[in-house]
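In: Kindly return the folded structure for what I paste below:
(one chain, ligands or ions: 1)
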Amino acid sequence: MTGFPPLLVVAVALVDADGRVLVQQRPPGKAMGGLWEFPGGKVEAGETPEAALVRELEEELGIRTHASCLAPATFASEPLGDRHLLLLLYVCRKWQGVAEARHATALKWVRPAQLYALDMPPADLPLIGLLDALL
Ligand SMILES: Nc1nc2c([nH]c(=O)n2[C@@H]2O[C@H](COP(=O)(O)OP(=O)(O)OP(=O)(O)O)[C@@H](O)[C@H]2O)c(=O)[nH]1
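Out: Numbering: from 1, shown residues only. You can find the predicted model right below:
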């Protein structure tokens, strides 16, 4: 069956004390290079979604958080090439360390309303309005 099993990806809106959200820019050589996305990545075999996100945040940004600090917010369900993407989006307001771009080309902190103006992957577009209303 095309698109089965779905590709399970976890991502997070990290929200700072000023209510701004972190987005990172995908490197130019990769699929969807140059687009801005929420930090995260694929859930690996045997991992819970929350454990995958804790791992990705450490790998990509060098910050530490805990599963109990990840609040499920919304999700996206979109075709992605010959797969079907299920993107679980969490909100996190509590972590340790200062985020640095270890994999991304750049990081930026933006107000939720500024997300509308960014080039983001198609799966992320329906998430923006939900985040804007939620945060
Ligand atoms: N992290 C993240 N991934 C997203 C978002 N939106 C979206 O469509 N994706 C897609 O979900 C997948 C995330 O997997 P990933 O980050 O582990 O994979 P990747 O393509 O960067 O590289 P890799 O396969 O070499 O690790 C990618 O296909 C990515 O394009 C988003 O907001 N955040």
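In: Who are the packing partners of the top helix by length along the chain?
Out: If each helix of the chain is counted by residues according to DSSP state H, the longest one is helix 49-61. Under the contact criterion of 3 or more C-beta pairs under 8 Å, 6 or more residues apart in numbering; DSSP states H and E, helix 49-61 touches strand 7-14, strand 21-25, strand 40-42, strand 83-92. For glycine as for every other residue, the C-beta is placed from the backbone atoms N, C-alpha and C.
In: After it, which helix or strand is next? Please name it.
Out: Downstream of helix 49-61, the first helix or strand assigned by DSSP states H and E is strand 71-80.
In: related to what we said a few turns ago, and the longest helix of the chain, anywhere near the ligand?
Out: No. Helix 49-61 lies out of reach of the ligand by C-beta under 6 Å from any ligand atom, never closer than 7.3 Å.
In: Return the angle between stretch directions for that helix and strand 83-92.
Out: 80 degrees (axes from the mean of the first three to the mean of the last three C-alpha atoms, to 10 degrees).
In: what comes up buried for helix 49-61?
Out: Residues 49, 50, 52, 53, 54, 56, 57, 60, 61 are the ones in helix 49-61 that count as buried (16 or more other C-beta atoms under 10 Å).
In: Can I get that helix in PDB? Just the C-alpha atoms.
Out: Only the C-alpha atoms of helix 49-61 are listed here, as PDB (Å, rounded to 0.1, in the frame of the first residue of the first chain):
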ATOM      1  CA  PRO A  49       7.900   9.900  20.200                       C
ATOM      2  CA  GLU A  50       8.900  11.800  23.300                       C
ATOM      3  CA  ALA A  51      12.200  10.000  23.600                       C
ATOM      4  CA  ALA A  52      12.900  10.700  19.900                       C
ATOM      5  CA  LEU A  53      12.300  14.400  20.500                       C
ATOM      6  CA  VAL A  54      14.500  14.600  23.600                       C
ATOM      7  CA  ARG A  55      17.200  12.900  21.500                       C
ATOM      8  CA  GLU A  56      16.800  15.200  18.500                       C
ATOM      9  CA  LEU A  57      16.900  18.300  20.600                       C
ATOM     10  CA  GLU A  58      20.200  17.300  22.100                       C
ATOM     11  CA  GLU A  59      21.600  16.300  18.700                       C
ATOM     12  CA  GLU A  60      20.400  19.300  16.700                       C
ATOM     13  CA  LEU A  61      20.500  22.100  19.300                       C
END
